[in-house]
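**Student:** Let's see this in three dimensions:
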Amino acid sequence: MRKTIYASLLVAGLMVVVGCNKSTEATSAGGGKFTLKAPSNIKDTEVKHGESKTVTINIDESKDFKEEIALTADVSPADKGVTAELDPKTVKGGDVKKTELKITATDKAAAGEYTVTVKGKAKGGADTSVAVKVKVPDKK
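**Tutor:** Residues are numbered from 1 along each chain as shown. Okay, the predicted model is just below:
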């Protein structure tokens, strides 16, 4: 019985720590809803100096969602040699269900962990965001 309880608590704890990296739901002016989803495994987002990595950000929409979504990406800490770009930067409801996040670490990027926050804002509605953890390893 104790082993079962401990195992259950361990699994629940891991789910909280790892998570699924999904944003909260945002509602548009038309009443439709959308969320953003990103990878939650930092090993999937390791970027070496002088390289880039592309990560897919999925957009889940309710069936009645028809609004345009403007997307932005910000890196924290800023100005340390890591940049983020989205393609496309705007998606229309019912069309493309993803955007590609290109993360680049310059040769002079500081080693460490970064957070890229992707924000989606429905035209005339609420916004939501999802965080992608990025690791730049030490230079070898």
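
**Student:** Could you check how far the helix or strand residue 104 falls within is from the centre of its chain?
**Tutor:** Taking DSSP states H and E as the criterion, residue 104 maps to strand 98-105. Centroid separation for strand 98-105 versus its chain: 10 Å, with C-alpha atoms, centre = their mean, to the nearest Å.

**Student:** Could you name the helices and strands sitting against the following helix or strand past that strand?
**Tutor:** Per DSSP H and E, strand 98-105 leads on to strand 112-122 as the next helix or strand towards the C-terminus. Here strand 112-122 touches strand 26-27, strand 33-37, strand 68-76, strand 82-87, strand 98-105, strand 127-136, going by 3 or more C-beta pairs under 8 Å, 6 or more residues apart in numbering; DSSP states H and E. C-beta coordinates here come from the backbone N, C-alpha and C atoms, glycine included.

**Student:** I'd like those as JSON lines, with mean neighbour count, mean pLDDT and distance to residue 52 appended.
**Tutor:** Below are those laid out as JSON lines (neighbours: other C-beta atoms under 10 Å; pLDDT from 0 to 100; distance: least, C-beta to C-beta, whole Å):
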{"stretch": "strand 26-27", "mean neighbour count": "19", "mean pLDDT": "62", "distance to residue 52": "28"}
{"stretch": "strand 33-37", "mean neighbour count": "20", "mean pLDDT": "89", "distance to residue 52": "21"}
{"stretch": "strand 68-76", "mean neighbour count": "17", "mean pLDDT": "94", "distance to residue 52": "13"}
{"stretch": "strand 82-87", "mean neighbour count": "17", "mean pLDDT": "97", "distance to residue 52": "9"}
{"stretch": "strand 98-105", "mean neighbour count": "19", "mean pLDDT": "95", "distance to residue 52": "4"}
{"stretch": "strand 127-136", "mean neighbour count": "19", "mean pLDDT": "92", "distance to residue 52": "11"}
